[in-house]
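Structure of the sequence below:
(2 chains)
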Protein chains: 2
Amino acid sequence: MMRTHEAGSLRAGHAGQTVTLSGWVARRRDHGGVIFIDLRDASGVSQVVFREGEMAERAHRLRAEFCVKVTGEVVIRPEGNENPEIPTGSIEITATDLEVLSEAAPLPFPLDEHLEVGEEVRLKHRYLDLRRGEPARIMRLRSEVNRVAREVLHGHEFVEVETPTMTRSTPEGARDFLIPARLQPGSWYALPQSPQLFKQLLMVGGMERYFQIARCYRDEDFRADRQPEFTQLDVEMSFVDQEDVLQLSEEILAGLWKLIDHEIPRPIPRMTYHEAMARYGTDKPDLRFGVELTEMTEYFEDTPFRVFQAPYVGAVVMPGGADQPRRQLDAWQEWAKQRGAKGLAYVLVGEDGDLSGPVAKNLSETEREGLAKAVGANPGDCVFFGAGQRSAARSLLGAARLEIGELCGLIDHDAWSFVWIVDAPMFEPVAEMEAGDVAVGASQWTAVHHPFTSPNADWIDNFDDDPQNALAWAYDIVCNGNEIGGGSIRIHRSDVQQRVFELLGISGEEAQDKFGFLLEAFKYGPPPHGGIAFGWDRICMLLAGADSLRDVIAFPKSGGGFDPLTSAPSPITAEQRKEAGIDAKPGAKKGESGEKKADEQG
Amino acid sequence: MMRTHEAGSLRAGHAGQTVTLSGWVARRRDHGGVIFIDLRDASGVSQVVFREGEMAERAHRLRAEFCVKVTGEVVIRPEGNENPEIPTGSIEITATDLEVLSEAAPLPFPLDEHLEVGEEVRLKHRYLDLRRGEPARIMRLRSEVNRVAREVLHGHEFVEVETPTMTRSTPEGARDFLIPARLQPGSWYALPQSPQLFKQLLMVGGMERYFQIARCYRDEDFRADRQPEFTQLDVEMSFVDQEDVLQLSEEILAGLWKLIDHEIPRPIPRMTYHEAMARYGTDKPDLRFGVELTEMTEYFEDTPFRVFQAPYVGAVVMPGGADQPRRQLDAWQEWAKQRGAKGLAYVLVGEDGDLSGPVAKNLSETEREGLAKAVGANPGDCVFFGAGQRSAARSLLGAARLEIGELCGLIDHDAWSFVWIVDAPMFEPVAEMEAGDVAVGASQWTAVHHPFTSPNADWIDNFDDDPQNALAWAYDIVCNGNEIGGGSIRIHRSDVQQRVFELLGISGEEAQDKFGFLLEAFKYGPPPHGGIAFGWDRICMLLAGADSLRDVIAFPKSGGGFDPLTSAPSPITAEQRKEAGIDAKPGAKKGESGEKKADEQG
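Alright, predicted model coming up:
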């Protein structure tokens, strides 16, 4: 019998009982020959006292993180010795037996919650890190997140389906990880960037309501907080419209946030993509605070200031920012340059309403006079400007807005703000893609979501006439400025799909090669369908109040996709290389090989 | 509004209501200008009638598997037209509107349940196959299987944790699939054969109760019914003994079989490995029928028959087998040869008790006289013999036993028989490993389970003195002759682990290279722990009454790891190859590279 009770479960009511506990030595103190330890297990901590001569002697060898089994009597702590900070603080166990289950070498870092320890050493010894309260709490929370989401989905008769992870390249805008196929030397599997194609196939298959907490893979140039493998809650539904997907999503999110005792007000507000860009300079606005962008293009229509003679001029106000020291105003310039801008124009509004700063004198008098009112600035504020191409300037101002929110303490860090961003554009110019993304097709347009996203009812007949302005039934859910999910209604009409491919410059041959099996499936009565995928790691991070995605992953990779714990990836042997057929030349032509294989196996 | 009701939900009580349904045209019949269709959705089928001139005309173009939306009035079917075989058989819908949501090309195969269709064409068009009742039912059952298992585990406060799938090679006896690491050219990740090492690390991390429905990967020579990726329910617990793992497992299994209305009698009986081998010739005996092996080694101690002068002689009785025609007795010989045996010796027991067949005359008179009684044969039975090396001969007789069960109709195909096989041996001679398995270590012994399996209490101190007979705390759960799960109590003492490595011929360097990070972790107070993994695909197959693992996988691979649907694996481009760094030479030495990387990223 390893234990009769869990360490964290003991209370005054257990006094007089003989109990056996198993766990770890969290702390050990020696008070004049009497040894005290905090015995920790998954449930919590109890204090154990080794009082008598022999027991104290046996306990003497205990060190931090020894794994032990202790038997003893639960007693009420002497008055004055209670610890109201822990649930077991009114009792202690007087040990009558001790078994060391295993010893611990000196620790590479102390497990005390209050000490800061470098991430690299924590990840290398993640199994020790997980013994700390906070990482353990996060793992348990994540498990609950899964449970609650599945409960909601099962309640709506969703079917959980596992889709393949050794599959064909999926055209989703990032690089695939590849796996050599030993039994078909020269051929490779790809790890899926998402189950997108398979979930659409399940809809063609009449599954109607699908979900999966799915592992996805993207071979990206791991920026600060990306992981080569990540998890999404993947959902797809048939015979639905956007409204159905949004409602279900809100029910899931409400369930998740209830885990941390927050009631999400529903319906979650909606904002169009264009409105978000105009007011907040981003498609994932943080609405925990106000401060909006003001478009000033028209205002500066006839400006003498060369910098503002631009396709777009916008402004954002920093409340009370007029008294920033010179040093801080310089830092803003540096900040803007790191974002690829030339600088960040600003005007300071004096307490008397007068404008100062280098830009002010370049403006016309009319412009100066009306400026504060036009941007909604008060005496003592600072006005920042963005001028240039609309999207770049807005993006800069949107980032400045977030800085302002932090610097001015406008963000309530206990608040939760959710918003749907709807009516996203179908297409964006290839020139404006994010670095590292891979365009599908050869035209000047690429799909903002993916090539299977449906134009909305207003645009389904004429999106090809005006791709710049065509809108999709696509939606993102944003929480505190983080995109935590996104999806779309898919195209189920082959004529529409054909026109989208044409616009994207995807030739018939390329379409056939990349996702011919999906197009083939769509010949057989595909239902109207749509879905959403939630960024599970990010959602867990937000719920846990963690700083990094790595904190919510049991065994995360650090930068460059390196695993500090196992040292993966690592070199392979020449024998492995040979056996895996890595250097084999593919034998037959592409089209044939598949057919041939199929026959052989029939 | 795509639908007001689900097609399978309509009953006589809905008569008079106007409903809208969406789904597929399952069947279309033309009765003198009136068109009938069976409209199918995920919930079932309703009959829709297009009666009036215009409606019938519009319905005329409908073909099988068109996706449609129909509005109409629910009416009670005319007397005599009811269909008691379907739940909606008392009503039909008189259509007043029809919208074709999408058309279907002529189908590659009919979706009628009663038609046999080749598997290859079904898998190539799996999305059509899934529209059939049986495959759809199986997918839904599998989803329920997941739900129920998780419910049991959450009820015991198990924590669901996702472990990495891009990791380091795991030493589990099969080949790894590999993934080139673009950002560390020359280094490779491996897909995990199971989360074994990570779940043990989670136990070191104090997680105490872990589970995961985990994707696992083995690059094997795909035999009949193997998949390169497969799923297991993976469970690990701390501060437990074998009894705890078995009890939890039984609770999970009981929950699963309740899904198909079968109550598993508990506790599930247990049998030692040695008993199973002796009585049934296998470690996964099918106990739905009797027929046991009888050891005859001693009986034939002084036999004049050369073939029986062997280290082991055993027999199995085929009831009523004496009247098998010559042809069938020859077929048994063929059957045995295909299993690598020289043949299958037999004796026929006549109705008068006289023995016949080619072996009989080679036996001594005493042997002949006592034989029937010794093996428990009755007049009219056939006795088969296996002679030679104990394990090979038993294995042949065990297989013969299964054949006998089938041929003689002894197996109740509606019965469920569960048994735990316990007290498995720690080690087996490398020479007796299954083909395709990879030995870890360089000695004549290999681990039957894996090198972290603990010897049981009787053997922990002396397993190295007698590896042949040493027993492990290892257990398999067998259902109807299928191994559906297995696990063990793990070693948590480093001295014991060291001795196991020595016995297996795993050098300190090799251990360090292969699982150094686990050994490192075990320095820090590892708890006693153990667990189990269930073969989830196989369990679903049994529950579904399916013939093949492929039937319970949404998008399975066929032979050779080929996916008939996507044609994966497939050739990659020269550019992909270059970019992925497939041909790069690893830069640093193995040991160093890890450390160096860790520093760079600190």
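
contacting residues for A:V240?
For A:V240, the contact set (C-beta atoms under 8 Å, 6 or more residues apart in numbering or on different chains) comprises A:489, A:528-530, B:2. Glycine gets a C-beta too; all of them are placed from N, C-alpha and C.

Show me these that map onto helices.
Within these, no residue falls in helices by DSSP state H.

Contact partners for the residue positioned nearest the centre of chain A?
Chain A has A:R538 as the residue nearest its centroid, 2.4 Å off, counting by C-alpha atoms, centre = their mean. The contact partners of A:R538, taken as C-beta under 8 Å, 6+ apart, are A:482-484, A:549.

do that again at 6 Å, thanks
A:482, A:484 (C-beta atoms under 6 Å, 6 or more residues apart in numbering or on different chains).

how close does it get to chain B?
14 Å (C-beta to the nearest C-beta, to the nearest Å).

Helix or strand for that residue, just tell me which one.
Per DSSP states H and E: A:R538 is located in helix A:536-544.

Next secondary structure after that helix?
helix A:574-579.

Say whether chain B is contacted by that next one.
No - under the criterion of C-beta under 6 Å from any C-beta of the partner chain, chain B is not reached by helix A:574-579; the shortest gap measures 6.9 Å.

Give me the buried positions along that helix.
Of all the residues in helix A:574-579, those buried under the rule 16 or more other C-beta atoms under 10 Å in any protein chain shown are A:576-577, A:579.

now those residues in a markdown table, with distance to A:A544?
As requested, the buried residues of helix A:574-579 are exported to a markdown table (distance: C-beta to C-beta, whole Å):
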| residue | distance to A:A544 |
| --- | --- |
| A:Q576 | 39 |
| A:R577 | 41 |
| A:E579 | 42 |
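
where's the helix holding A:R538 relative to the chain centroid, distance-wise?
6 Å (C-alpha atoms, centre = their mean, to the nearest Å).

Please save the CA atoms from it in PDB.
Included here for helix A:536-544 are C-alpha records, laid out as PDB according to Å, rounded to 0.1, in the frame of the first residue of the first chain:
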ATOM      1  CA  TRP A 536      -5.200  25.700 -28.600                       C
ATOM      2  CA  ASP A 537      -1.800  26.500 -27.200                       C
ATOM      3  CA  ARG A 538      -2.500  30.200 -27.300                       C
ATOM      4  CA  ILE A 539      -5.900  29.800 -25.600                       C
ATOM      5  CA  CYS A 540      -4.300  27.700 -22.900                       C
ATOM      6  CA  MET A 541      -1.600  30.400 -22.500                       C
ATOM      7  CA  LEU A 542      -4.300  33.100 -22.100                       C
ATOM      8  CA  LEU A 543      -6.300  31.100 -19.600                       C
ATOM      9  CA  ALA A 544      -3.300  30.200 -17.600                       C
END
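
Looking at the residue nearest to the centre of chain A now. What's its pLDDT?
Each residue has a pLDDT score; the one for A:R538 is 97.

One more: A:E592?
38.

Would you mind checking the average pLDDT for stretch A:198-218?
Here the average pLDDT along stretch A:198-218 is 97.

which bits of the stretch 351-500 of chain A sit near chain B?
A:H492.

Chain neighbours aside, what residue packs nearest to the closest residue to chain B within the stretch 351-500 of chain A?
Of all residues in the stretch 351-500 of chain A, the one sitting closest to chain B is A:H492 (5.7 Å; C-beta to the nearest C-beta). Closest residue in space to A:H492, ignoring its immediate chain neighbours: A:P526 at 4.5 Å, by C-beta to C-beta, 6 or more residues apart in numbering or on different chains.

Could you list the low-confidence segments of chain A?
A:170-172, A:222-224, A:433-440, A:586-602 (pLDDT under 70).

pull the longest strand from it.
Taking DSSP state E as the assignment, the strand of chain A that covers the most residues is strand A:18-31.

Tell me the strands beside the helix or strand just after it, with direction?
Remark: after strand A:18-31, the chain's next helix or strand is strand A:34-41, criterion DSSP H and E. Applying DSSP bridges, strand A:34-41 is found paired with strand A:18-31 (antiparallel), strand A:44-50 (antiparallel).

List the buried residues in the next helix or strand after the last one.
Just to be clear, that refers to strand A:44-50. Counting by DSSP H and E, the next helix or strand C-terminal to strand A:44-50 is helix A:53-59. Neighbour counts over helix A:53-59 (16+ other C-beta under 10 Å) mark A:55-56, A:58-59 as buried.

Going by distance to chain B, which of those residues wins?
A:A59 (15.2 Å).

hang on, the closest one packs against A:I37?
No - using C-beta atoms under 6 Å, A:A59 is not in contact with A:I37; the gap is 7.0 Å.

just the strands in the stretch 401-550 of chain A please.
For the stretch 401-550 of chain A, the strands defined by DSSP state E, counting those that start in this stretch cover A:418-422, A:427-429, A:445-447, A:474-479, A:482-489, A:529-535.

Tell me the gap between the third one and the middle of its chain.
Okay, so that is strand A:445-447. The answer for strand A:445-447 is 24 Å, by C-alpha atoms, centre = their mean.

quick one: strands adjacent to that strand?
strand A:427-429 (antiparallel).

again with the fourth one
For strand A:474-479, the pairing partners within the sheet under DSSP bridges are strand A:418-422 (antiparallel), strand A:482-489 (antiparallel).

Present these as a markdown table; the columns should include mean neighbour count.
Converted to a markdown table, those look like this (neighbours: other C-beta atoms under 10 Å in any protein chain shown):
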| stretch | mean neighbour count |
| --- | --- |
| strand A:418-422 | 21 |
| strand A:482-489 | 21 |
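
Double-check that A:L197 belongs to a helix.
Yes - A:L197 sits within a helix when classified using DSSP: H, G, I helix; E, B strand; the rest coil.

you'd agree it is up against A:E520?
No - A:L197 lies out of contact with A:E520 (C-beta under 6 Å); the separation is 11.7 Å.

which one of the two has more residues nearby?
Neighbour totals were compared for A:L197 and A:E520, and A:L197 leads with 26 against 17 (other C-beta atoms under 10 Å in any protein chain shown).

excluding its backbone neighbours, what's nearest the more buried one?
Nearest one to A:L197, counting by C-beta to C-beta, 6+ apart, is A:L518 at 5.3 Å.

just A:S169 next, same as before
In space, A:S169 is closest to A:A190, 4.5 Å off (C-beta to C-beta, 6+ apart).

quick revisit: looking at the strands of the stretch 401-550 of chain A, spot the one closest to A:S169.
Nearest to A:S169, of all the strands of the stretch 401-550 of chain A, is strand A:445-447, at 16.3 Å by C-beta to C-beta.

just to revisit the earlier point, who wins for proximity to A:R499 among the strands paired with strand A:474-479?
Nearest of those (C-beta to C-beta): strand A:482-489, 16.1 Å.

Show residues contacting the closest one.
Under C-beta under 6 Å, 6+ apart, the answer for strand A:482-489 is A:242, A:284, A:449, A:453-454, A:473-474, A:476-477, A:530-532, A:534-535, A:538-539.

Using PDB, write down the CA coordinates of that strand.
The C-alpha trace of strand A:482-489 is given here as PDB (Å, rounded to 0.1, in the frame of the first residue of the first chain):
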ATOM      1  CA  ASN A 482      -4.600  37.800 -29.700                       C
ATOM      2  CA  GLU A 483      -6.100  35.900 -32.600                       C
ATOM      3  CA  ILE A 484      -7.300  32.700 -30.900                       C
ATOM      4  CA  GLY A 485      -9.200  31.100 -33.700                       C
ATOM      5  CA  GLY A 486     -10.400  31.600 -37.300                       C
ATOM      6  CA  GLY A 487     -12.400  29.900 -40.000                       C
ATOM      7  CA  SER A 488     -14.600  30.300 -42.900                       C
ATOM      8  CA  ILE A 489     -17.500  29.000 -44.900                       C
END
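
Highest mean neighbour count across the strands paired with strand A:34-41, which stretch is it?
strand A:44-50 (a mean of 24; mean count of other C-beta atoms under 10 Å in any protein chain shown).

quick one: the strands in the stretch 151-300 of chain A?
A:159-160, A:178-180, A:188-190, A:209-217, A:229-238, A:270-272, A:294-295.
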